[in-house]
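In: Here is a sequence together with a model predicted from it:
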Amino acid sequence: MKVATYNANSIRARLPIILAWLAKEQPDLLCIQETKVQDAEFPADEIRSAGYHVVFRGQKAYAGVAVISREPLEDVVFGFDDGGEPDEARLIRARYDGIFVVNTYVPQGQSVDSPQFQYKLEWLERLRRLFERHYSPADPILWMGDFNVAPEPIDVHNPEGLKNHVDFHPLARQALERVREWGWIDLLRKFHPDERIYTFWDYRVRGAIERGLGWRVDHIWATRPLAEKCTRCWVDMEPRLADKPSDHTVIAAEFAL
């Protein structure tokens with residue numbers, strides 16, 4: 001089984017890149033974040049014409065998530081169910097061939113002194129509680145998406161200079177670590193424990209890719225039953241180097257099931 005995740009930063013703008021990647025790699029699952037489109041305008045027909053199924057939830061101009069799958073997804077749920085703000089355009093849960101799949105676009109947080117950053121921390125804590133309510137670490141679960149957190153110093157190009165950034169701030173890293181402790185294994189680090197590998201390069205930074213000025217904020221994590229069956233996890237640079245790319249690229253993993 002092959003799975004992947006990609007922050008498209010507008011699915012309509014990046015649809016040619018997505019369709020080309022589907023045709024080339026033939027994944028079983030592709031999670032998308034930042035679709036930036038209302039549901040009525042989501043390009044579902046083009047994806048279905050490529051031979052895939054898709055579920056999605058979005059809103060105008062920002063956020064939005066989707067899961068593209070070779071076979072139909074089952075038990076699809078959008079957003080949180082804890083009585084708070086559902087935030088459906090940031091969270092999809094489903095089941096695929098006996099595997100639980102969670103796709104998240106974690107809030108970015110804007111600035112450390114803003115209410116949005118506190119919301120980000122609370123969002124991650126709500127996610128931890130969601131996992132506790134609905135799953136067990138003994139279940140086969142995939143958690144994929146843009147987590148908007150670089151977990152370790154190796155995951156950013158300038159740890160000292162970026163220590164107060166919302167995606168690398170100690171509080172954000174602690175919040176993500178608390179979720180990880182529930183029972184997650186970072187699949188890229190399983191195969192590349194010491195390599196500086198990034199998934200995001202800011203458009204606004206001139207020559208960011210060539211200068212190695214990146215971040216690893218997009219992730220594929222799995223519970224141990226699936227992690228033990230993972231045979232490969234890698235970052236595909238081709239979508240980031242394509243014409244009119246997203247500022248993120250694809251991270252993918254394969255499993256021997």
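Out: Yes, it's here. Values in this document were obtained by computation on a predicted structure and should not be read as measured data.
In: Buried residues of the biggest helix by length in the chain, list them for me.
Out: The helix that spans the most residues within the chain, counting by DSSP state H, is helix 115-134. Along helix 115-134, these residues count as buried under the neighbour rule (16 or more other CB atoms under 10 Å): 117, 119-121, 123-124, 126-128, 130-131. (C-beta placed from N, C-alpha, C; glycine too.)
In: What's the first helix or strand after that helix?
Out: Moving toward the C-terminus from helix 115-134, the next helix or strand (DSSP states H and E) is strand 141-146.
In: Put the alpha carbons of that following strand into CSV.
Out: Only the C-alpha atoms of strand 141-146 are listed here, as CSV (Å, rounded to 0.1, in the frame of the first residue of the first chain):
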residue,chain,number,x,y,z
ILE,A,141,-4.0,4.0,12.2
LEU,A,142,-2.4,6.5,9.9
TRP,A,143,-2.2,10.1,10.8
MET,A,144,-1.2,12.3,7.9
GLY,A,145,-1.2,16.0,7.0
ASP,A,146,0.3,19.4,7.6
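In: which strands and helices sit next to the following helix or strand past it?
Out: Of the helices and strands lying after strand 141-146 in sequence (DSSP H and E), the nearest is helix 170-180. Helices and strands touching helix 170-180, by 3 or more CB pairs under 8 Å, 6 or more residues apart in numbering; DSSP states H and E, are helix 115-134.
In: Just the angle for the helix it packs on relative to helix 170-180, thanks.
Out: Angle, helix 115-134 to helix 170-180, by axes from the mean of the first three to the mean of the last three CA atoms, to 10 degrees: 10 degrees.
In: elements contacting helix 115-134?
Out: On a contact count with 3+ CB pairs under 8 Å, 6+ apart, helix 115-134 meets helix 170-180.
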